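>>> output the structure for:
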Amino acid sequence: NVSHEIHSLSFAPADYDRNKKPGPLPPNFLESTTPMNGNVYITHNLHEAYHHYIKLISTNENSFQVLQSSQLAFYSPEVTPEAKFIIDLSPIAVRYKRVSRHWYDYCTSLMAIIGGTFTVVGFFESGIRAMAAVRRKRLSHNSKNRQVY
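The predicted model follows:
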């Protein structure tokens, strides 16, 4: 039986202070540094075990963001099952930076939305006007061709 529970698994320097106020990080960043903590992996049958694939991505907070997936692996009867932890260090580092927008960026975006709405409404209005003109023309053409007896 290779069932197991992961109490704590983290990838940070020993002197890393988790209680320190983080810099410009996305919400729930600290939870993404230890996604396996508290997980229980239970095997129900013989000759099966979990394989854990862990990708570490370096960040600007002197820690790693962890992407993990776990899969149940099945073994042949002559092989002894084992829980595996396969760790891959990403060659790409992520740097988080807080960027604010200027007031004129908001004004430009608002004008673009208003202009786009005006254009789309104009397209609909011209299409409806053209269909109404064609219908009016057909009705007048049909009334001229009618003969009253």
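>>> other SSEs contacting the helix or strand of the chain with the lowest mean pLDDT?
When the helices and strands of the chain are scored by mean pLDDT, DSSP states H and E, helix 29-32 comes last with a mean of 72. Helices and strands touching helix 29-32, by 3 or more C-beta pairs under 8 Å, 6 or more residues apart in numbering; DSSP states H and E, are strand 64-74. C-beta coordinates here come from the backbone N, C-alpha and C atoms, glycine included.
>>> just the strands in the chain please.
Using DSSP state E, the strands of the chain run over 4-6, 39-41, 48-58, 64-74, 84-89.
>>> now do the same contact list for the closest residue to E82 other than its chain neighbours.
Counting by C-beta to C-beta, 6 or more residues apart in numbering, the nearest residue to E82 once its immediate chain neighbours are dropped is A49, at 5.7 Å. Contacts for A49 (C-beta atoms under 8 Å, 6 or more residues apart in numbering) come out as V2, T43, L72, A73, Y75, P81, E82, A83, K84.
>>> list the beta-bridge partners for A49.
Per DSSP bridges, the residues bridged to A49 are A73.
>>> that one and T59, how far apart?
Going from A49 to T59 by C-beta to C-beta, to the nearest Å gives 31 Å.
>>> ok so, going back, in the least confident helix or strand of the chain, which residues are buried?
For helix 29-32, burial by neighbour count (16 or more other C-beta atoms under 10 Å) applies to F29, S32.
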